[in-house]
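Asks: what's the 3D shape of this:
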Amino acid sequence: MTEKERAPILIIGAGAMGRLWAGLLSPRVSVRLATRSTTSATLQYTLVHLEGHSERIEIGPSSNAPPGSVLVMTKAPDAESALTAVSSHIPPDVPIILFQNGMGSQQDIAKRFSQRPVFAASTTEGAYIDDGGRVIHAGRGTTWLGPLTTTAHTRLDQTMITLRLSELDIQSDPDIEGRLWQKLAINAGINPFTALIDCPNGEILGHPYFEERIADVCREVAALMQASGRPVEAQSLEAHVRDVARRTAANSSSMRQDVRAGRTTEIDMMNGFVVQASVIHGLDAPVNCELTDAVTHLKQD
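Replies: Next up is the predicted model:
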């Protein structure tokens, strides 16, 4: 069987990351996109690769043909309902890979679909859609994959092979929830600042609004991780945030893109999660609370 003869990969969500992965996978395997739209039109767009060259991508609409893998790339608040809407067309042994930011939605989905092979992916790839509708691959990173359900363990190797068809850096981590905590710290330390300052990732570095708050953001996340059995140094989290901001300097975060487009953001799954989880552990997270309120008010203005 050639790669193009494999069962198609279904990508749920046609935002920047969904389109990036669709474009990178499509030369080697059939890809289908499921979106909110009811249209059956083919999706066409331009993908600008890291090296600067452009490629025209054409992805067919979703169909009832059973997929071989499912990549869920919607926003965190939409993930469970979007997956549920197509779950009757997904065979029970097909791997489901969750790419959501923040914390909470992955665990809810794994619980609901506990008999299926459900994975979480934590990626530092950077991508955004520019004003002309082009998908810009703005930063090279690593995508970490790990099982969230018992049945996922036996499908890990094959799922890694499938994701590597993208030619991105794909690694496995048996403690994927640890990766999700690290990604939560990165999201909480970058996304709200890019939305509030209205700038690409790299421009938050050195900005007074960021510099006055980032140490406290990381201290509050570290305290929560300590209380949750994930001890980490706040300074280490801050160093990681700064490193990712530098490496994805040209990227426009998903939260900034959402605010600019008037869409609901994932703030409640990022800094808002830190606030709510801190309350449960008897901790205070005033700076994460400030950022949550600021982004919430920003999107309502």
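Asks: Looking at the closest residue to residue 219 other than its chain neighbours now. What's its pLDDT?
Replies: Distances taken as CB to CB, 6 or more residues apart in numbering place residue 234 nearest to residue 219, at 4.4 Å, with adjacent residues excluded. Where you see a C-beta, it was placed from the backbone N, CA and C, and this is true even at glycine. Predicted confidence (pLDDT) at residue 234: the value is 97.
Asks: wait, residue 234 sits on residue 214?
Replies: No: counting by CB atoms under 8 Å, residue 234 does not reach residue 214; the two are 10.1 Å apart.
Asks: Compare these two (neighbour count), which wins?
Replies: residue 214 (23 against 19; other CB atoms under 10 Å).
Asks: Return the residues in contact with the more buried one.
Replies: Residue 214 makes contacts with 189, 193, 238, 241, 242, as judged by CB atoms under 8 Å, 6 or more residues apart in numbering.
Asks: one more time with 6 Å, if that's ok
Replies: Residue 214 is in contact with residue 189, counting by CB atoms under 6 Å, 6 or more residues apart in numbering.
Asks: mind checking how far it is from residue 96?
Replies: In this view, residue 214 and residue 96 are 34 Å apart by CB to CB, to the nearest Å.
Asks: Ok, residue 176 next?
Replies: Counting by CB to CB, the gap from residue 176 to residue 96 is 14 Å.
Asks: now residue 266
Replies: The gap separating residue 266 from residue 96 is 19 Å, by CB to CB.
Asks: More neighbours: which of these two?
Replies: residue 96 (27 against 24).
Asks: these two touch, right, that one and residue 69?
Replies: No: using CB atoms under 6 Å as the test, residue 96 is too far from residue 69 to be in contact (8.0 Å).
Asks: OK, contacts around residue 171?
Replies: 142, 144.
Asks: in the sheet, who's paired with it?
Replies: Residue 171 has these beta-bridge partners by DSSP bridges: residue 144.
Asks: confidence score at it?
Replies: We have a pLDDT of 97 for residue 171.
Asks: again with residue 102
Replies: 87.
Asks: which one is it nearest to, not counting chain neighbours?
Replies: residue 269 (2.9 Å).
Asks: Check residue 75 too.
Replies: Here the residue nearest residue 75, using CB to CB, 6+ apart, is residue 266, at 5.5 Å.
Asks: which helices and strands sit right next to the longest helix along the chain?
Replies: In the chain, taking DSSP state H as the definition, the longest helix is helix 176-197. Applying 3 or more CB pairs under 6 Å, 6 or more residues apart in numbering; DSSP states H and E, we find helix 176-197 packed against strand 118-123, helix 214-227, helix 234-247, helix 254-261, helix 271-280, helix 286-300.
Asks: so the last one versus helix 254-261, what angle?
Replies: With axes from the mean of the first three to the mean of the last three CA atoms, to 10 degrees as the criterion, the two stretches helix 286-300 and helix 254-261 enclose an angle of 30 degrees.
Asks: name the helices or strands packed onto helix 286-300?
Replies: Packing contacts for helix 286-300, counted by 3+ CB pairs under 6 Å, 6+ apart, involve helix 176-197, helix 214-227, helix 271-280.
Asks: Enumerate the positions of that helix that are buried.
Replies: 287, 288, 289, 290, 291, 292, 294, 295, 298, 299 (16 or more other CB atoms under 10 Å).
Asks: Excluding chain neighbours, what is closest to the fourth one?
Replies: In other words, residue 290. The shortest distance from residue 290 to any non-neighbouring residue, by CB to CB, 6+ apart, is to residue 213 (7.7 Å).
Asks: swap in the fifth one?
Replies: Counting by CB to CB, 6+ apart, residue 291 lies nearest to residue 192, which is 4.3 Å off, once chain neighbours are set aside.
Asks: Please, which helix or strand holds residue 161?
Replies: Element membership for residue 161, per DSSP states H and E: helix 156-163.
Asks: That helix: which residues count as buried?
Replies: 156, 159, 162, 163.
Asks: Serialize these to a markdown table and add fields for distance to residue 105 and pLDDT.
Replies: Output for those, formatted as a markdown table (distance: CB to CB, whole Å; pLDDT from 0 to 100):
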| residue | distance to residue 105 | pLDDT |
| --- | --- | --- |
| 156 | 21 | 97 |
| 159 | 19 | 97 |
| 162 | 22 | 96 |
| 163 | 20 | 97 |
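Asks: Could you export those as TSV, including distance to residue 257?
Replies: As requested, those are exported to TSV (distance: CB to CB, whole Å):
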residue	distance to residue 257
156	32
159	28
162	27
163	24
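Asks: ok, those residues vs residue 50, which is closest?
Replies: Among those, residue 163 lies closest to residue 50 (CB to CB), at 17.8 Å.
Asks: Kind regards, and thank you for your time.
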